[in-house]
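**Student:** How does the following fold in three dimensions:
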Amino acid sequence: MSKIHPVVQKMLDGDEMTRWLKAEVVESSEGSCSLKMVARKEMANGFSIVHGGITFSLADSAIAFAANAHGRHAVSLSTSIRHLHPVFVGDTITAVATVTDLKHKIVNVDAVVTNQEGVKVADLQATGYRKSEQW
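**Tutor:** Okay, the predicted model is just below:
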């Protein structure tokens with residue numbers, strides 16, 4: 001396991017969703033974060049593929065960690081996702097989030113989710129609000 005940015009570690013300590021996903025921090029620094037996880041049977045939907053909300057949730061965590069690692073509390077204003085390829089039970093998926101624009105009150109983050117074969121399964125764009133509170 002890589003060294004985890006202190007803000008990301010503090011966020012992880014109370015993050016039940018990321019814990020439930022069993023997501024592992026691959027990399028974290030100011031403005032970027034990579035998380036990976038294995039898709040489990042209880043994550044499958046009625047089509048026997050992994051629910052899109054799982055992919056979204058993994059990327060959403062990576063986005064939050066990337067945005068908050070700059071030191072100020074950042075919360076989501078909007079996030080959009082494009083599902084590009086199905087995820088199957090047993091797949092290892094990795095979300096890589098990168099801050100693309102950092103302003104005083106607004107942060108924009110892009111994320112890409114790939115499977116173990118490097119196939120892009122989803123991409124996301126997020127905009128967050130940077131509060132005055134510091135981590």
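
**Student:** do you know how far Leu12 is from Ala23?
**Tutor:** Separation of Leu12 from Ala23 (Cβ to Cβ, to the nearest Å): 9 Å. To be clear about C-beta, it is placed using only N, CA and C from the backbone, and glycine gets the same treatment.

**Student:** which of these two has more neighbours?
**Tutor:** Shown here are Leu12 and Ala23; by other Cβ atoms under 10 Å, Ala23 has more neighbours (22 against 16).

**Student:** Nearest spatial neighbour of Lys10, chain-adjacent residues omitted?
**Tutor:** Excluding its sequence neighbours, the residue lying closest to Lys10 (Cβ to Cβ, 6 or more residues apart in numbering) is Trp135, at 6.1 Å.

**Student:** immediately after the longest helix seen in the chain, which helix or strand?
**Tutor:** Ranked by residue count under DSSP state H, the longest helix found in the chain is helix 52-68. On the C-terminal side of helix 52-68, the nearest following helix or strand under DSSP states H and E is strand 72-83.

**Student:** mind listing what's buried in that following strand?
**Tutor:** By 16 or more other Cβ atoms under 10 Å, the buried positions in strand 72-83 come out as 72-74, 79, 81.

**Student:** Same question for stretch 50-63.
**Tutor:** 50-51, 54-63.

**Student:** next one: stretch 127-135
**Tutor:** If you call a residue buried by 16+ other Cβ under 10 Å, then stretch 127-135 has these buried ones: 127-128, 130.

**Student:** Quick one: mean pLDDT over it.
**Tutor:** Taken as a whole, stretch 127-135 has a mean pLDDT of 96.

**Student:** Residues contacting it, please?
**Tutor:** 6-7, 10-11, 63-64, 67-68, 70-79, 103-109 (Cβ atoms under 8 Å, 6 or more residues apart in numbering).
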